[in-house]
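A.B. asks: The following block contains a protein sequence and its predicted model.
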Amino acid sequence: MKNISTDSLRTLVTVVEVGGFAKAGELLGLSQPAVSLQIKRLEDMLGHKLFKKQGQRQVLNQYGELLMPLAKQMLQQNDAILQQFTSENVTGKVRLGIPSEFAARILPSIIGDFVALYPDVSLEVRSRLSKHLLSVSRQDQFDLVLALNEELESAKFPIFMQDQLVWVGDLNLAQNDVVTLVTAPEGCIYRRRAIEALQSAGIKYRIAYSNADLTGLTAALKEGLGITVLAKSTVPNELNYQLQTKDLPELGQIGISLIKRTDDPGTAVDKLAEFIALRLT
């Protein structure tokens with residue numbers, strides 16, 4: 001009797017949810033070849049390929065689509081068993097502040113697994129610009145904050161990881177005389193970094209569309225209204241991105257801070273902070 005590795009199933013689910021082998025490796029703490037090897041072993045055991053080529057991307061084929069819900073169900077059972085016998089009795093409410101692009105792109109899979117392990121914890125998630133999340137005047141509104149931070153050596157809000165800023169959208173639009181931008185409103189770090197990079201390179205630009213929500217920005221980008229800047233790990237699967245092109249300058253790195261408003265160990269806030277840090281680094 002063969003047994004399917006839950007590690008392989010978790011790798012499969014992560015690859016699909018984050019949109020690529022490299023991103024899944026970063027999340028799982030594996031190299032890209034190690035991720036590919038786990039998928040290949042799973043395919044060999046099942047006797048079917050699970051992915052097909054779609055443009056430059058690998059997407060699930062009919063067998064992968066069939067396996068995906070079954071894999072999620074098996075992982076939920078696995079996590080429920082572990083939670084029943086090994087997890088501490090953690091209760092309470094956590095108010096999490098997080099930028100919208102992280103909330104839309106990364107948070108769902110993380111929160112799903114966290115809730116499975118700690119079902120008695122209530123989560124309240126609010127999306128704000130990082131500038132607002134780090135504001136002293138708003139500190140009482142959140143127990144835990146995940147925010148972009150440009151001060152890579154910050155002592156007040158230490159950086160726990162860095163991400164690459166990338167240009168996102170139809171980058172052929174950058175060949176126009178004036179580059180059109182799709183951005184979040186004034187105060188957004190991505191917006192300012194895009195403008196500063198273009199100004200430094202002597203490239204003319206105009207802001208064609210503003211929206212604070214990633215879903216709205218994604219729709220505008222897909223309609224070809226302009227291009228934008230995002231942290232690489234938050235780029236939606238359906239959008240193209242580049243670090244730089246012959247028409248667009250490199251944008252550099254961005255820091256990410258995870259700030260707890262309490263230092264009490266063993267609390268729901270502490271557990272969620274540990275969980276997010278382990279999954280993102």
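C.D. replies: Now that the structure is in, tell me what you want to look at.
A.B. asks: mean confidence score for the helix or strand hosting Trp167?
C.D. replies: For Trp167, the host element (DSSP states H and E) is strand 159-169. For strand 159-169, mean pLDDT rounds to 90.
A.B. asks: counting contacts, what elements does that strand pack onto?
C.D. replies: strand 227-231, strand 241-242, strand 253-260, helix 268-280 (3 or more Cβ pairs under 8 Å, 6 or more residues apart in numbering; DSSP states H and E). C-betas here are computed from N, CA, C, even on glycine.
A.B. asks: Give me the mean pLDDT for the shortest one.
C.D. replies: What strand 241-242 shows for mean pLDDT is 88.
A.B. asks: if we look at it, which residues are touching it?
C.D. replies: Contact partners of strand 241-242, identified using Cβ atoms under 8 Å, 6 or more residues apart in numbering, comprise 166-168, 171, 230, 232, 235, 248.
A.B. asks: before we move on, what about stretch 148-156?
C.D. replies: By Cβ under 8 Å, 6+ apart, stretch 148-156 touches 99, 130, 134, 157, 159, 162, 189, 231, 253-257.
A.B. asks: Report the residue spans of the stretch 51-200 of the chain with pLDDT below the cut-off.
C.D. replies: Within the stretch 51-200 of the chain, the ranges that satisfy pLDDT under 70 run 83-84, 86-88, 136-138, 154.
A.B. asks: Which stretches in it count as strands?
C.D. replies: Taking DSSP state E, counting those that start in this stretch as the test, the strands found in the stretch 51-200 of the chain are 51-54, 57-60, 92-98, 121-127, 144-149, 159-169, 179-183.
A.B. asks: can you put these in TSV and add mean neighbour count and distance to Met68?
C.D. replies: Putting these into TSV (neighbours: other Cβ atoms under 10 Å; distance: least, Cβ to Cβ, whole Å) gives the following:
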stretch	mean neighbour count	distance to Met68
strand 51-54	12	11
strand 57-60	16	6
strand 92-98	19	26
strand 121-127	15	25
strand 144-149	24	27
strand 159-169	19	26
strand 179-183	22	31
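A.B. asks: From the contacts of strand 241-242, pick the one nearest Gly64.
C.D. replies: Val235 (21.6 Å; Cβ to Cβ).
A.B. asks: returning to what we had before: quick one: the strands of the stretch 51-200 of the chain as TSV, columns for distance to Leu225 too.
C.D. replies: TSV is the format used below for these (distance: least, Cβ to Cβ, whole Å):
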stretch	distance to Leu225
strand 51-54	24
strand 57-60	23
strand 92-98	26
strand 121-127	22
strand 144-149	23
strand 159-169	9
strand 179-183	5
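A.B. asks: so which of those strands gets nearest Met74?
C.D. replies: strand 57-60 (16.5 Å).
A.B. asks: Now do the SS call for the spatially closest residue to Ala201 that is not a sequence neighbour.
C.D. replies: Residue nearest to Ala201 in three dimensions, not counting chain neighbours: Pro249, with 4.5 Å by Cβ to Cβ, 6 or more residues apart in numbering. The three-state label given to Pro249 by DSSP: H, G, I helix; E, B strand; the rest coil is coil.
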